[in-house]
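1. sequence? don't have it. structure:
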């Protein structure tokens, strides 16, 4: 099929366009389907979802600082499809592709041409394809809600449609509160646009209905925890722990963190800056993307933590603007049919090298410690065997279908001082509870930070193996 025929086929229908974006996404994320663990956050969601299915109460019996939406999503995946790493990664890829398609549809609704809109969608997918975007993290789902909310807002014509737009943002808030910055950017932009266009009175209903929609899921979560009698636990996680989490924020550190984000995404950022100079770029769109970018930067820096998956919130505004790179006059000359085959060939080779480098460093050189531990323990753990993973991967709870002896299943919650402070954990009491529960197998690394606990374990347990830096004890 010639490049011209291929482009015509992709542009022929929405289903063809979505299928194209989905194939690109699947190919770009193919390497993620064959490794059980990518990072500790993803496995924490799976472990906590499994515990919830078994009757654990969120924020009481199992505790993490994330909002309930992400655990509900993982619970639904497990209930519908069982325990499957491949399904989790597939859902992630489908969600990213759907987000990119919604971005494409939003740009088309705003009268941008097909080529620049499709390029924006492709850039969006590629921005998720760095190692910090491989994991099925909260960003995958709350950014989808943001993309859906943006699309519904810009295509809305009545009260109900604006309500649905706000509802999408509100659902995203129940996954991660950072979406509030996206929602605020949209609200500020629409308010200022209404003033400059002398349409503030006419636009009050859209603004009010969108805000009502935003509040509905948030209030529903509050009511649900109040009715069930567990509101105090939810209140602590939502309104106390986040301030503890960001305690000691240094803005110089945040600026360095932001600079790293720009360097990581440098080709896309440069394309976005160039795209904003395209003759297809109008003043109102420039205001909106600039404001949205600023709010995303504020969201990224607000926690004071340097977790690189926060960068993903920049995907929407950067890819939106980067798509207009294709509309620049000199770019159009370079991408005429005479050059398009060479352009795609060179880009394809460069991107394949990029993917191969990622795969080599994240999947071949880097040992799969969780899987190695699971293989060693396979014939040592029965249905009745109790387990405490210590500072080892909590994936083992999920893999062996075990209940954690502590509500703090994330391996760093009891080992990092900042996390202990954030959740106000009585460390001595919690470790005593774990020890007194007498798990049959305990896994502790050589660098486990509490010698006194390790000595207690060593006095009653014997080492039955050592995998990587982890000692495996049996009572």
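-> Received, thanks. A quick note: this is a predicted structure, and the numbers were derived from the prediction, not measured.
2. shouldn't residue 77 be in contact with residue 85?
-> No: no contact is recorded between residue 77 and residue 85 when judged using CB atoms under 8 Å, the distance being 10.7 Å. (C-beta placed from N, C-alpha, C; glycine too.)
3. tell me which element residue 414 falls in.
-> If you go by DSSP states H and E, residue 414 is not part of any helix or strand.
4. quick one: contacts for it?
-> The contact partners of residue 414, by CB atoms under 8 Å, 6 or more residues apart in numbering, come to 406, 408, 420, 425, 427, 430-431.
5. now it: how far from residue 420?
-> 7 Å (CB to CB, to the nearest Å).
6. for residue 19, same thing?
-> When CB to CB is the yardstick, residue 19 and residue 420 sit 48 Å from each other.
7. who has more neighbours, the two?
-> residue 420 (18 against 15; other CB atoms under 10 Å).
8. Nearest residue to the more buried one in space, please, no chain neighbours.
-> The shortest distance from residue 420 to any residue other than its chain neighbours is 5.8 Å, reached at residue 427 (CB to CB, 6 or more residues apart in numbering).
9. where does the one you found fall, phi/psi-wise?
-> In this entry, residue 427 is assigned phi and psi values of phi -60, psi -50 (degrees, to the nearest 10).
10. any common contacting residues for residue 414 and residue 420?
-> Contact with both residue 414 and residue 420 is made by residues residue 427, according to CB under 8 Å, 6+ apart.
11. contacting residues around the host helix or strand of residue 428?
-> In this assignment (DSSP H and E), residue 428 forms part of helix 427-436. Taking contacts as CB under 8 Å, 6+ apart, the residues outside helix 427-436 that touch it are 388, 405-406, 408, 414, 420, 450, 453, 456-457.
12. again, only this time at 7 Å
-> The set of residues that contact helix 427-436 without belonging to it, under CB atoms under 7 Å, 6 or more residues apart in numbering, is 388, 405-406, 414, 420, 450, 453, 456.
13. which ones are touching the residue nearest the centre of the chain?
-> Within the chain, one residue has its C-alpha closest to the average C-alpha position: by CA atoms, centre = their mean, that is residue 139, at 2.2 Å. Residues counted as contacts of residue 139 (CB under 7 Å, 6+ apart) are 309, 312-313.
14. Quick check: residue 239 is in a helix.
-> Yes: residue assignment for residue 239, taken from DSSP: H, G, I helix; E, B strand; the rest coil, places it within a helix.
15. and the gap between it and residue 232?
-> For residue 239, the distance to residue 232 (CB to CB) stands at 11 Å.
16. buried ones in the host helix or strand of residue 257?
-> Residue 257 belongs to helix 251-264 when assigned by DSSP H and E. Residues of helix 251-264 classed as buried under the neighbour-count rule (16 or more other CB atoms under 10 Å) are 254, 257-258, 261, 264.
17. neighbours of the nearest residue to residue 16 once chain neighbours are set aside, just the number please.
-> Take residue 16 and drop its neighbours on the chain: the residue closest to it by CB to CB, 6+ apart is residue 10, 5.5 Å away. A count of neighbours around residue 10, defined by other CB under 10 Å, yields 16.
18. how close does residue 10 get to residue 24?
-> From residue 10 across to residue 24, the span is 11 Å (CB to CB).
19. From start to finish, how long is stretch 451-467 in a straight line?
-> 20 Å (CA to CA, to the nearest Å).
20. Show me the contact partners of it.
-> Applying CB under 7 Å, 6+ apart, the set of residues contacting stretch 451-467 is 372-373, 376, 431, 435, 442, 444, 448, 471-475.
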